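1. starting from these lines, generate the structure:
(chains A and B)
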Amino acid sequence: MVLVYCFFQQVIAAMETQLSNGPTCNNTAHGSATINNCSSPVDSGNTEDSKTNLIVNYLPQNMTQEELKSLFGSIGEIESCKLVRDKITGQSLGYGFVNYVDPKDAEKAINTLNGLRLQTKTIKVSYARPSSASIRDANLYVSGLPKTMTQKELEQLFSQYGRIITSRILVDQVTGVSRGVGFIRFDKRIEAEEAIKGLNGQKPPGATEPITVKFANNPSQKTNQAILSQLYHSPNRRYPAPLAQQAQRFRLDNLLNIAYGVKRFPPMTIDGMTSLAGINIPGHAGTGWCIFVYNLAPDADESILWQMFGPFGAVTNVKVIRDFNTNKCKGFGFVTMTNYDEAAMAIASLNGYRLGDRVLQVSFKTNKTHKA
DNA sequence: TCAGATT
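-> Have a look, this model is predicted:
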């Protein structure tokens, strides 16, 4: 039980930080090999830009377009939504676009969803730049950096050549020490070209060795082997569980059996059973596991549910039930999660969680409650 | 020593 306790503590602590501080910047959550990336999400750098179209980065690998739409649709009406996928493999490239009808909703999405933790990722939400050839292939790979150089210093070095969209220094996963390599993405290709001319083979101030600056590999130029690996090595499980989670799976199943009378079946089997025999399995709605969240405050909104449940795994939908006349939350809501294990972990962790001055009751949805 | 930001 110690392992699972530690895991809960980690998730809850991260969640509390986010709930109390609001979204911040991308961080080192779950051993990411990168350091902070705190470029301002609101500054599109150009007042002529669209104020409705957003780019969403660092999405979980297996998040679908529908899930993206569900998440951002909780803010306001969406004009269009697209998850960008690899043309050959169909795999998500981890980013997408959301175009709102109302610019106010786009701004609200940035304010409420930028920095949201989803699985092992911290998403970034910012205004999309108008698509053009001039902003493509503007990404540089930098090696030979002094190990002491910070991301800020790296940006200072390169900012003389143009507007930096992202910067990153890769670090050792264990020690956190810089690996001396990083990336700089400029707004324009021409700025990147100038930076190569000016900095490749040069020694940064105070450095003893020259750095190498060149264009970064393009993700669409993967080797055949990498593509084949992606095609044939598709996991049978959408999200690998953290070690502590896997280790406690069966124990948790037992706990949940006692608490909720739920047996662990593969979802497809249950779909078949329910459709054929009309059997009702608590929480299982056919498209995922429906979770009942009780004792929400009157001003609770969908974003709080995303923030609470997102870190535990694939969330496909959230809903706050509101009074028709007042539009205030009636004290409860629903969350749909794709994977049983992740839903079980979320319930085990969040049931009894104190949100503000309220203690939440979280369980698989049963027929006793309001129909979602 | 190349993570994943322009449809």
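2. in the stretch 151-300 of chain A, what residue is nearest DNA strand B?
-> Nearest to DNA strand B, among the residues of the stretch 151-300 of chain A, is A:A216, at 3.1 Å (C-beta to the nearest atom of the strand). Where C-beta positions appear, they are placed from N, C-alpha and C, glycine not excepted.
3. give me phi/psi at that residue?
-> Here is the backbone geometry of A:A216 (degrees, to the nearest 10): phi -70, psi 150.
4. what of A:G73?
-> Main-chain torsions, A:G73, degrees, to the nearest 10: phi -70, psi -20.
5. so what's it closest to, chain neighbours aside?
-> Excluding its sequence neighbours, the residue lying closest to A:G73 (C-beta to C-beta, 6 or more residues apart in numbering) is A:C81, at 7.9 Å.
6. so for the residue of the stretch 151-300 of chain A closest to DNA strand B, what's the pLDDT?
-> A:A216 carries a pLDDT score of 96 in this model.
7. ditto for A:N26
-> The model's pLDDT for A:N26 equals 40.
8. also A:I88?
-> Note on A:I88: pLDDT of 84.
9. what is the mean pLDDT for stretch A:107-123?
-> Average pLDDT, stretch A:107-123: 94.
10. mind checking the SS state of A:L68?
-> helix (DSSP: H, G, I helix; E, B strand; the rest coil).
11. my guess is the residue nearest to A:G73 meets A:S70, correct?
-> No: the pair A:C81 / A:S70 is not scored as a contact, 9.5 Å apart, by C-beta atoms under 8 Å.
12. and the stretch 1-150 of chain A, which of its residues are near DNA strand B?
-> The interface of the stretch 1-150 of chain A toward DNA strand B, taken as C-beta under 7 Å from any atom of the strand, is made up of A:32-34, A:39, A:41, A:53, A:55, A:57-58, A:80, A:82, A:84, A:93-95, A:97, A:99, A:124, A:126, A:128-131, A:135-136, A:138-139, A:141, A:143.
13. give me the buried subset of these.
-> A:32, A:39, A:41, A:53, A:55, A:57-58, A:93-95, A:97, A:99, A:124, A:126, A:128-129, A:135, A:138-139 (16 or more other C-beta atoms under 10 Å).
14. circling back: can you count the residues close to the residue nearest to A:G73?
-> For A:C81, the count of nearby residues is 20 (other C-beta atoms under 10 Å).
15. show me the strands in the stretch 1-150 of chain A, by range?
-> A:53-57, A:78-85, A:92-100, A:117-118, A:121-122, A:124-127, A:139-143 (DSSP state E, counting those that start in this stretch).
16. and of the ones you listed, who's closest to A:S349?
-> strand A:117-118 (13.7 Å; C-beta to C-beta).
17. tell me what the closest one is packed against?
-> The helices and strands touching strand A:117-118, judged by 3 or more C-beta pairs under 8 Å, 6 or more residues apart in numbering; DSSP states H and E, are helix A:2-21.
18. what mean pLDDT does the helix it packs on get?
-> 50.
19. from the stretch 251-372 of chain A, which residue is nearest to DNA strand B?
-> Closest to DNA strand B within the stretch 251-372 of chain A is A:P311: 16.6 Å, counting by C-beta to the nearest atom of the strand.
20. quick one: name the residues of the stretch 201-350 of chain A near DNA strand B.
-> Within the stretch 201-350 of chain A, the positions near DNA strand B by C-beta under 7 Å from any atom of the strand are A:K214, A:A216, A:N217, A:N218, A:P219.
21. which ones are touching A:G180?
-> For A:G180, the contacting residues are A:S143, A:G144, A:L145, A:P146, A:K147, by C-beta atoms under 8 Å, 6 or more residues apart in numbering.
22. which parts of the one helix or strand it maps to are buried?
-> Assigned by DSSP states H and E, A:G180 belongs to strand A:178-186. The neighbour-count check on strand A:178-186 (16+ other C-beta under 10 Å) flags A:S178, A:G180, A:V181, A:G182, A:F183, A:I184, A:R185, A:F186 as buried.
23. do the same with stretch A:158-170
-> A:F158, A:Y161, A:G162, A:I164, A:I165, A:S167, A:R168, A:I169, A:L170.
24. ok, residues contacting that stretch?
-> A:33-35, A:37, A:39, A:45, A:138, A:140, A:145, A:149-151, A:154-155, A:178-179, A:181-188, A:190-192, A:194-195, A:198-199.
25. and if you look at stretch A:99-113?
-> So stretch A:99-113 is contacted by A:23, A:41-42, A:50-54, A:56, A:71-72, A:75-81, A:98, A:123, A:125-127, A:303, A:306 (C-beta under 8 Å, 6+ apart).
26. which of those are buried? Put it as a ChimeraX command.
-> This is how ChimeraX selects the buried members of these, with burial counted by 16+ other C-beta under 10 Å:
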select /A:23,41,50,52,53,54,56,71,72,75,76,78,81,98,123,125,126,127,303,306
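27. okay, and A:F324 sits in which element?
-> Using DSSP H and E, no helix or strand contains A:F324.
28. swap that for A:T336, sorry
-> strand A:329-337.
29. the helix or strand following that strand to strand A:329-337, inter-axis angle?
-> Next helix or strand after strand A:329-337 toward the C-terminus (DSSP H and E): helix A:340-350. Helix A:340-350 runs at 140 degrees relative to strand A:329-337, counting by axes from the mean of the first three to the mean of the last three C-alpha atoms, to 10 degrees.
30. quick one: average confidence on the helix or strand following helix A:340-350?
-> Proceeding N to C from helix A:340-350, the next assigned helix or strand is strand A:354-355, under DSSP H and E. Strand A:354-355 carries an average pLDDT of 93.
31. ok, residues contacting strand A:354-355?
-> With C-beta under 8 Å, 6+ apart as the test, strand A:354-355 has contacts from A:L19, A:L296, A:A297, A:I304, A:M308, A:L360.
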